[in-house]
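Peer 1: sharing a model prediction with you, sequence too.
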Amino acid sequence: MRVVLTIDIGNTNITAGIFRNGHIAGKIKLPTADRLNYAGGIGRLIKRAGLDMEDVGEIVISSVVPSALSLVLGRLRRVARCRISVTGKDVTVPVKNLYRNRGEVGQDRLVNAYAAGELYGAPAVVIDFGTAITFDIVSRSGAYLGGLILPGIDMGLSSLYERTALLPRVELKRAVSIVGKDTKSSMRGGILFGYGAMCDGLVSSYRRKLGRDTKVIATGGNAKLIRRYTKSIRVVDDDLTLKGLYLIATRHP
């Protein structure tokens, strides 16, 4: 039995997944800001999968939050007896990186690009709807070309309230019409229909550049919600980053 613990440390959440014999046996999402619960959350994940920490044969981590990474590593090193690898430090994501300054691109973006190419084929566009929205582009040969970074959906909606005098705070939920009939529905519709149209427009441009067979894979916390408002997103893979980390651990030791 091969057990791999994968951890993706993001700006808003830490997502951890436990893989057993190639299949994800469980996952957990922890607020990155809730630093006292890192160890407890990962421990619960392992226990729910019917495993002990001694069963874990390898741990692989990607992170865009250095301070959180340091805390997670400190806690894991106290209890784990297996190899712990951090992408970009201990292991290189096996994708050709064509970013002008290779060190600037987030490790999660490289992991997503690698996973998309391996699991869905290239060329591909990966759209990650997280704290920020990132578009990551994989060439036909599997190289990482770069992409775009935009304000996330929650960020865009909250900024309307925070930076105006009269607009209210609005909960993010489904918008039913492209014609809003009150302020709140206008704000929700503006965000969701607007971001959906943006996605379709950008994907159309990428397909003209890369080819009509370009795959589009969405991931991140708001991917399932925004999918309703686009025509270009056909695949939503909530576990894309975790799967990429697992592939790195098992195919590129």
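Peer 2: Thanks, I have it. Residues are numbered from 1 along each chain as shown.
Peer 1: okay, and A197 sits in which element?
Peer 2: If you go by DSSP states H and E, A197 is part of helix 183-210.
Peer 1: can you give the strand pairings for the following helix or strand past that helix, parallel or anti for each?
Peer 2: Proceeding N to C from helix 183-210, the next assigned helix or strand is strand 215-219, under DSSP H and E. Paired with strand 215-219 in the same sheet, following DSSP bridges, are strand 124-129 (parallel), strand 235-236 (parallel).
Peer 1: which of those sits most buried?
Peer 2: Among these, the stretch with the highest mean neighbour count (mean count of other C-beta atoms under 10 Å) is strand 124-129, at a mean of 27. Just so you know, the C-beta spots here come from the backbone N, C-alpha and C atoms, and that holds for glycine as well.
Peer 1: circling back to that earlier point, for the helix holding A197, buried residues please.
Peer 2: 184, 186-193, 195-196, 198-200, 202-203, 206-207, 210 (16 or more other C-beta atoms under 10 Å).
Peer 1: tell me the pLDDT at P168?
Peer 2: pLDDT, P168: 89.
Peer 1: how far away is the closest residue to A115 other than its chain neighbours from V111?
Peer 2: Counting by C-beta to C-beta, 6 or more residues apart in numbering, G244 is the residue found nearest to A115 once chain neighbours are left out, at 3.1 Å. Distance, G244 to V111, using C-beta to C-beta, to the nearest Å: 4 Å.
Peer 1: neighbour count winner among those two?
Peer 2: The neighbour comparison of G244 against V111 (other C-beta atoms under 10 Å) goes to G244, with 31 against 28.
Peer 1: in space, what's closest to the residue most central in space within the chain - neighbours in sequence excluded?
Peer 2: With distances taken as C-alpha atoms, centre = their mean, G220 lies nearest the centre of the chain, 4.6 Å away. On the basis of C-beta to C-beta, 6+ apart, the spatially nearest residue to G220 that is not a chain neighbour turns out to be F129, at 3.7 Å.
Peer 1: wait, doesn't that neighbour sit right on I153?
Peer 2: Yes - between F129 and I153 there is a contact under C-beta atoms under 8 Å: 6.3 Å.
Peer 1: who touches both of the two?
Peer 2: N222, L225, I226 (C-beta atoms under 8 Å, 6 or more residues apart in numbering).
Peer 1: which residues touch the residue nearest to A115?
Peer 2: With contact set as C-beta under 8 Å, 6+ apart, G244 has these partners: V93, V111, N112, Y114, A115, E118.
Peer 1: any chance of these in CSV with distance to V125, secondary structure and pLDDT as columns?
Peer 2: As requested, the contacts of G244 are arranged in CSV below (distance: C-beta to C-beta, whole Å; DSSP: H, G, I helix; E, B strand; the rest coil; pLDDT from 0 to 100):
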residue, distance to V125, secondary structure, pLDDT
V93, 18, coil, 96
V111, 16, helix, 97
N112, 11, helix, 97
Y114, 14, helix, 97
A115, 13, helix, 97
E118, 15, helix, 96
